[in-house]
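In: Structure for this input, please:
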Amino acid sequence: MNYDSFYQKSIENPEAFWAEQSDKIAWFKKPTQILSTDKNGFYRWFAGGELNTCYLSVDYHIEQGRGNQTALIYDSAATNSIIKYTYNEIKEEVSKIAGALRDLGIEKGDTVVIYMPMVPEAAFSMLACARLGAVHSVVFGGFAPHELAIRIDDAKPNVIISASCGIEFDKIIPYKPLLDEAIHLAEFKPKNCLVLQRPMCHANLVGERDIDFATMVAQSKPADCVPVDATDPLYVLYTSGTTGKPKGIVRDNGGHAVAMNFSMKYIYDLNPKDVFWAASDVGWVVGHSYIVYAPLIYGCTTVFFEGKPIKTPDAGTFWRVIDEHKVKVFFTAPTAFRAIKKEDSEAKLKEKYDTSSLKTIFVAGERCDPPTLEWLQQIAQVPIIDHWWQTESGWGIVANMMGVEQFPVKAGSATKPVCGFDVQILGENGQKLGPNEEGYVCIKLPLPPSCLPTLWNDDDRFRSSYLNKFEGYYLTGDGGYIDEEGYVFIMGRVDDVINVAGHRLSTGEMEEIVGSHKAVAECAVVGIADELRGQRPLGLVVLKDGIEISEEVLEEQLIKLIRDQIGAVAFFRNAILVKRLPKTRSGKILRKTIRQLVDGEQFTIPSTIDDVSILSEIELCMRNRKIGVFQ
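Out: The predicted structure follows:
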């Protein structure tokens, strides 16, 4: 198949293209309109169609005679256990959990928050919600109570499904105290919490609100699939916004199912029954799309991994899983391989395992830096495919479409736009830029299936965040350029959201927290380069007049503040005392200039800066603390 003709068909006649792809999934009722607009003028896919995502993921395969095929392999390096589930066994588990939710009053359109570690019950609970037509919202296990409370207030779940604990390396993290504190902080109070008791930690159940997960599920009768409209929401997944308030990304049922099915064949070059492994977490969009839904909808075997790339037990864990389960395509974040490289730079541990089943490694979640790419190419001896996408899209926007036509890899580029995504680089005034000219990475409307149709209960913010800057275009929030051969290069965020080991976190929110300290007059938090995590936050702090506090003591206190309100995932480690912050004459803090200085990038001093000597003072502080390029 030729990429150019296939891609152009999707851009020139999207309705015909996606109508053909929609025929490849099992509808209860075929859509009456392939592409339409709703009452708000937002694009919608497959209106009039009825389906059920859990049916496509489970029941359909059983009806096709594949009930005894292994559907999910739970490999827990954290607990040294492996459990394999067939499609038949998943249906039994999922339908009972759905029955338990139904007994608790959950119906089509209700919301359920899932706050769980990487245990099979997390995936089964997602599918159980889909089975009932309920909307699930998964919150990354172990997120701080403040963050969880914000999501509870926005999603308003009648039920929260959680577990007694998660495992981080060899440390047990009790979840129940975090959940209890979040419910205490939240204005909205869920009626019930289903709590999975894990053997390594017992949770205290509170009154009539808390219910033992296993007991409730065992007592419940199985529930059947509930038909939903293609345009009904499947889930809401929160991603950081520049205001500190998370944005609820809505994923619909119909467009999502069609895109997931399409991507497995044309991006990842898989066949049904192949073993696919996305080493991520269900708290992230990768976990939704490529641990749970896409592999199961397409009929693959998915690996559901609980553990880390290192220290569970060592940096050979990934290779062991690939060998043991005969993984064909592997997908993870570059930060995972940076961690492995740090501990096993010569890949000696890989030599213990047979990874001949592996055909491709995909990376995403952050830019794959050239040194990591080159190291991976050398040790893995398979194609290393960097592809770029967002929580908002739900699947690849730019990729080397391995099931269509494989292109040579260019370091720093995610290759070319995926079918349906009309990616363009625009200038500040909305003009289309030429080859190698850096600007705003935008996508001409309509977005293809699976992309967010709006934000959860916030159409105005959807418009202001994504649609208003350039009429007729979706603003990705990233800057970049397209070279003369059509390769897309993503250079980083144009707002203040940074990517810390795959977690998109708002530096604006961190600034609010740092600024809340009684000693702080003003501050700036910027994302600086980190060899292991991609980025990490750095705080620059100006003290209030008359306040005497050492940099060391203040740093410790600010680290604790960030950890308590956002969580350890923020990896906030450094707060630097400075006399002043570099600003424009209008008072805008020059965050990009600070980042470029600390990262050792070349930059032009903005003509609007009010005092250029401040940059020299900051550089001296960084040298004294050995931070960034000044290590």
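In: ok, which stretches of the stretch 301-450 of the chain are helices?
Out: Per DSSP state H, counting those that start in this stretch, the stretch 301-450 of the chain carries helices over the ranges 317-325, 334-343, 370-380.
In: Find out how far the second one is from the centre of the chain, if you would.
Out: For helix 334-343, the distance between its averaged C-alpha position and the chain's averaged C-alpha position is 19 Å (Cα atoms, centre = their mean, to the nearest Å).
In: same for the worst-scoring helix or strand of the chain on mean pLDDT, what does it pack against?
Out: Every helix and strand in the chain was compared by mean pLDDT, DSSP states H and E; the lowest is strand 503-506, with a mean of 80. In this structure, strand 503-506 packs against strand 497-500, with contacts taken as 3 or more Cβ pairs under 8 Å, 6 or more residues apart in numbering; DSSP states H and E. Glycine gets a C-beta too; all of them are placed from N, C-alpha and C.
In: pLDDT of the strand it packs on, averaged?
Out: Across strand 497-500, pLDDT averages out at 84.
In: hmm, back to that, for the helices of the stretch 301-450 of the chain, give me CSV that also has mean neighbour count.
Out: Formatted as CSV, the helices of the stretch 301-450 of the chain follow (neighbours: other Cβ atoms under 10 Å):
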stretch, mean neighbour count
helix 317-325, 21
helix 334-343, 21
helix 370-380, 16
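In: weakest of the ones you listed in terms of mean pLDDT?
Out: Mean pLDDT is lowest for helix 334-343 among the helices of the stretch 301-450 of the chain, at a mean of 87.
In: Please work out which residues outside the longest helix anywhere in the chain touch it.
Out: Criterion DSSP state H: the longest helix present in the chain is helix 87-103. Residues from elsewhere that reach helix 87-103 (Cβ atoms under 8 Å, 6 or more residues apart in numbering): 54, 58-59, 61-62, 66-69, 71-72, 85, 112, 120-121, 124-125, 127-129, 131-132, 134, 159, 194, 213, 216-224, 296.
In: if we can go back for a sec, which SSE is immediately downstream of the least confident helix or strand of the chain?
Out: helix 507-515 (DSSP states H and E).
In: For that next one, list every residue counted as buried.
Out: For helix 507-515, a neighbour-count test (16 or more other Cβ atoms under 10 Å) marks T507, G508, E509, M510, E511, I513, V514 as buried.
In: Which strands border the helix or strand following that helix, and is each parallel or antiparallel?
Out: For helix 507-515, the succeeding helix or strand toward the C-terminus, using DSSP H and E, is strand 520-530. Strand 520-530 has its sheet partners listed here by DSSP bridges as strand 534-543 (antiparallel).
In: Let me know the angle separating the following helix or strand past the partner strand from strand 520-530.
Out: The C-terminal neighbour of strand 534-543 among helices and strands, as given by DSSP H and E, is helix 551-565. Following axes from the mean of the first three to the mean of the last three Cα atoms, to 10 degrees, one obtains 80 degrees for the angle between helix 551-565 and strand 520-530.
In: List the buried residues in helix 551-565.
Out: The neighbour-count check on helix 551-565 (16+ other Cβ under 10 Å) flags E551, L554, E555, Q557, L558, I559, L561, I562, R563, Q565 as buried.
In: before we move on, what about stretch 61-69?
Out: Per 16+ other Cβ under 10 Å, stretch 61-69 contains these buried residues: H61, I62, R66, G67, Q69.
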